[in-house]
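> Attaching a predicted model along with its sequence, questions to come.
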Amino acid sequence: MASSNQAANECTESVSSTEVVPTQSSIVATPILSGESTTASTPAATTKKRVRFTDEEKLKLIRLCVLHQKDHRHGNKKTFWMKIRDLLQEETGKELRDPQQTVDALVIQYQNQVKKEEKESGM
């Protein structure tokens with residue numbers, strides 16, 4: 001039993017701090033071993049932080065899409081989304097890598113809300 005206690009003590013001695021990694025459903029604490037760098041080239045360290053938009057900023061994104069909808073043509077969609085990304089960054093100061101994905105998610109969220117309200121009202 002002494003050897004397992006000794007191993008546990010050695011393990012706790014090598015942990016110098018704890019890094020808190022937020023996820024969508026919970027917060028996970030990841031131990032950082034002494035001698036390790038928090039800027040190591042792990043997938044988490046090389047990826048950018050997730051950008052959170054307020055409801056007002058999401059509305060700005062949708063309004064930009066409506067305002068520039070004439071530019072959303074076959075064969076020109078990539079240019080449209082790059083333009084929306086750049087305009088949104090100018091207005092909010094936040095960089096959104098894929099505005100199309102965000103708009104798609106917002107549309108699905110809206111459609112689900114409408115379905116829920118219709119079901120609740122008996123329509």
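Cool, got the structure. Numbering: from 1, shown residues only.
> Every contact and neighbour count from this point should use C-alpha atoms.
Noted.
> so where's this structure uncertain?
Within the chain, the segments meeting pLDDT under 70 span 1-48.
> Can you give me the buried ones in the helix or strand harbouring Val107?
Per DSSP states H and E, Val107 falls inside helix 99-121. By neighbour count on 16 or more other Cα atoms under 10 Å, the buried set for helix 99-121 is 99-100.
> Which strands and helices lie in contact with it?
helix 55-67, helix 77-92 (3 or more Cα pairs under 8 Å, 6 or more residues apart in numbering; DSSP states H and E).
> Render the CA-only coordinates of the first one in PDB, please.
Put plainly, it is helix 55-67. Extracted in PDB, the C-alpha atoms of helix 55-67 (Å, rounded to 0.1, in the frame of the first residue of the first chain):
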ATOM      1  CA  ASP A  55     -27.900  38.600 -30.100                       C
ATOM      2  CA  GLU A  56     -27.400  42.100 -31.500                       C
ATOM      3  CA  GLU A  57     -24.300  41.000 -33.400                       C
ATOM      4  CA  LYS A  58     -26.100  38.000 -34.800                       C
ATOM      5  CA  LEU A  59     -28.800  40.400 -36.000                       C
ATOM      6  CA  LYS A  60     -26.200  42.500 -37.700                       C
ATOM      7  CA  LEU A  61     -24.900  39.400 -39.500                       C
ATOM      8  CA  ILE A  62     -28.400  38.700 -40.800                       C
ATOM      9  CA  ARG A  63     -29.000  42.300 -41.800                       C
ATOM     10  CA  LEU A  64     -25.800  42.300 -43.700                       C
ATOM     11  CA  CYS A  65     -26.800  39.200 -45.600                       C
ATOM     12  CA  VAL A  66     -30.200  40.700 -46.500                       C
ATOM     13  CA  LEU A  67     -28.600  44.000 -47.400                       C
END
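> So which elements touch it?
helix 77-92, helix 99-121.
> Give me the residues contacting that helix.
84, 87-88, 92, 99, 103 (Cα atoms under 8 Å, 6 or more residues apart in numbering).
> Thr92 versus Cys65, what's the distance?
Separation of Cys65 from Thr92 (Cα to Cα, to the nearest Å): 15 Å.
> again with Arg52
Counting by Cα to Cα, the gap from Arg52 to Thr92 is 11 Å.
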